[in-house]
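1. Fold the following and give me the result.
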Amino acid sequence: MSSYDIPHFLSVSTSWEIPVGPGKALLNHGPGAWILGGWQVNTIAQLRSGQPYNLVVTGDVANIGNNTGGAGSSTRNYARPNLVGDPFLSHPTSDEYFNIAAFAIPTFSYGNFGRNVLRSSSVKTVDFSLFKTLPLGAETRRLELRAEAFNVLNIANFAAPSGVTIGVAGAGRVTTLATLPRTLQLGMRFAF
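-> Numbering: from 1, shown residues only. Here you go, the predicted model:
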């Protein structure tokens with residue numbers, strides 16, 4: 001299975017222009033129309049499956065004369081652990097994302113654990129933005145004020161474990177996030 005396999009990906013976006021202000025159904029003239037008109041609310045919600053990741057062991061476990069091993073080496077295609085138990089935990093944490101006791105380092109043989117069998121957790125994120133458009137005299141000139149929040153709910157989406165080498169300290173540990181924490185930005189755009 002490819003490391004980029006994401007079997008489920010749902011993305012839903014909404015955009016709502018508030019029906020207030022010049023040319024709209026409600027409050028279309030006067031100071032109230034100028035203050036309350038021209039607002040737009042946007043959201044993007046994304047839900048996806050986690051990504052597969054591979055476990056490896058170091059050394060020349062199959063005794064073929066190549067002792068480099070490890071996650072970044074050319075022997076990663078065969079330097080895999082043996083599965084000796086259940087690799088899944090009922091309550092995985094960032095310190096132990098999979099059951100490291102379920103694996104053993106093979107001796108004079110290839111490991112029996114397949115490539116990319118395990119998956120990181122699913123990813124959920126919601127982005128939100130609020131725009132205000134101010135007309136500036138001529139019909140084509142306008143100023144747009146923007147407030148945007150990425151990952152507005154500040155969900156900590158864990159990436160795949162960085163500790164994927166069985167038999168070394170830190171195996172099974174997740175040290176990175178799949179998405180950034182909440183990010184806020186303000187912007188202004190002049191259209192003419």
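2. What segments of this structure are helices?
-> According to DSSP state H, the chain carries its helices in the segments 31-36.
3. helices and strands of it: which one bottoms out on pLDDT?
-> Here the helix or strand of the chain ranked lowest by mean pLDDT, DSSP states H and E is helix 31-36, holding a mean of 80.
4. So which bits of it are buried?
-> residue 33 (16 or more other C-beta atoms under 10 Å). For glycine as for every other residue, the C-beta is placed from the backbone atoms N, C-alpha and C.
5. repeat for stretch 110-129
-> 111, 113, 116, 118-121, 123, 125-129.
6. Of all pairs in those residues, which one spans the longest distance?
-> Maximum pairwise distance in the buried residues of stretch 110-129, criterion C-beta to C-beta, is 47.9 Å, between 111 and 129.
7. What count of nearby residues applies to residue 166?
-> Residue 166 has 23 neighbours, counted by other C-beta atoms under 10 Å.
8. how close does it sit to residue 185?
-> 42 Å (C-beta to C-beta, to the nearest Å).
9. Ok, residue 30 next?
-> Residue 30 is 32 Å from residue 185, by C-beta to C-beta.
10. and what of residue 56?
-> Relative to residue 185, residue 56 is positioned 39 Å away (C-beta to C-beta).
11. of those two, who's got more company?
-> A count of neighbours by other C-beta under 10 Å puts residue 56 above the other of residue 56 and residue 185, at 24 against 10.
12. Give me the below-cutoff pLDDT ranges for the chain.
-> Residues of the chain meeting the criterion pLDDT under 70: 66-78.
13. Just give me how far the strand ranked longest in it sits from the chain centre.
-> Determined from DSSP state E, the single longest strand within the chain is strand 123-135. Offset of strand 123-135 from its chain centre (C-alpha atoms, centre = their mean, to the nearest Å): 19 Å.
14. How about stretch 56-65?
-> Distance of stretch 56-65 from its chain centroid, counting by C-alpha atoms, centre = their mean, is 33 Å.
15. So which bits of it are buried?
-> 56, 57, 58, 59, 61, 62.
16. of the residues you listed, closest to residue 39?
-> When the buried residues of stretch 56-65 are compared for distance to residue 39 (C-beta to C-beta), residue 56 comes out closest, at 52.7 Å.
17. Wait, that closest one touches residue 166, no?
-> Yes - Residue 56 is in contact with residue 166 according to C-beta atoms under 8 Å; the separation is 7.2 Å.
18. Now for the two: what residues contact both?
-> Shared contacts of residue 56 and residue 166 (C-beta atoms under 8 Å, 6 or more residues apart in numbering): residue 81.
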